[in-house]
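**Q** The sequence and its predicted three-dimensional model are supplied below.
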Amino acid sequence: MTAGEVVAKTVGAEEISASAIRRYVEAHEMRWPLYSDPEAARAQGHDTVIAPWSMLLTAAMPAYWAPGQQPLRPGALPPFMWTKLGLPGSEMVTTSVDLEFLEPLRIGDRIETTYRIVRTTPKTTRVGEGVYVDFELEFRRQDGTLVAVERTSIYSYTPSAPIRSQP
């Protein structure tokens, strides 16, 4: 893994739809009119309602499972790309996440994500020996428009001996 290297590209499982926005807004009791009122959205320059920013990671997530595949095991996690990179160590923790939203999410958008390594830093910490990996993710709609950027850091490590708590 080298700085600037693209390590994965994924495409969201489906386009953002009006019904997905409605269900998401309802479940989260979001009252902002741009998410539910087409007239209010048009008054702000949109064709119709837009999706909440918080839908981005859901919209960008590839499918967990497809017909014909083996059933998911209980407790299966989302298909996070950094878990598939063969990083050293048996444990992983996210140490920071920063999201910058640039364009609204619209009905019909299908989000493609490009995962790029920014930096790797070997480090021994109290929890173990491993490597910090800084990623930059670019989220683009199908026309190539950049809608958001995520900067995420993870620490992948092999645990050292258990730390005893003080009495």
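**A** Looks like it came in fine.
**Q** Please make it C-alpha for all contacts and neighbour counts, starting now.
**A** Will do.
**Q** Give me the buried positions along the top helix by length along the chain.
**A** For the chain, the helix with the greatest residue count under DSSP state H is helix 18-28. Residues of helix 18-28 classed as buried: Ala18, Ile21, Arg22, Tyr24, Val25 (neighbour count, 16 or more other Cα atoms under 10 Å).
**Q** The third one against Asp37, yeah?
**A** It refers to Arg22. No: assessed by Cα atoms under 8 Å, Arg22 is found out of contact with Asp37, at 10.4 Å.
**Q** re earlier: list just the nearest of the buried residues of helix 18-28 to Pro159.
**A** Tyr24 (38.2 Å; Cα to Cα).
**Q** check contacts around the residue nearest to Val131 when sequence neighbours are not counted.
**A** Distances taken as Cα to Cα, 6 or more residues apart in numbering put Pro122 closest to Val131, at 4.1 Å, once the chain neighbours are dropped. Counting by Cα atoms under 8 Å, 6 or more residues apart in numbering, Pro122 touches Glu129, Gly130, Val131, Tyr132.
**Q** quick one: pLDDT of Pro122?
**A** The model reports Pro122 with a pLDDT of 94.
**Q** cool, Gly86 as well?
**A** 81.
**Q** Now it: which helix or strand?
**A** Per DSSP states H and E, Gly86 falls between elements, in no helix or strand.
**Q** Let me see the backbone angles for it.
**A** phi 70, psi 30 (degrees, to the nearest 10).
**Q** Does Val147 belong to a helix, a strand or coil?
**A** The three-state assignment at Val147 reads strand, by DSSP: H, G, I helix; E, B strand; the rest coil.
**Q** what helix or strand is the closest residue to it other than its chain neighbours on?
**A** Excluding the flanking residues, the one nearest Val147 by Cα to Cα, 6+ apart is Glu103, at 4.5 Å. Glu103 belongs to no helix or strand when elements are defined using DSSP H and E.
**Q** you'd agree Glu103 is up against Gly144?
**A** No: judged on Cα under 8 Å, Glu103 makes no contact with Gly144 at a distance of 11.8 Å.
**Q** Please say which of these two ends up with more neighbours.
**A** When Glu103 and Gly144 are compared for neighbours, Glu103 comes out ahead with 13 against 10, by other Cα atoms under 10 Å.
**Q** Would you mind measuring from the more buried one to Ile50?
**A** Here Glu103 is placed at a distance of 10 Å from Ile50 (Cα to Cα, to the nearest Å).
**Q** same question, Ser160
**A** Ser160 is 47 Å from Ile50, by Cα to Cα.
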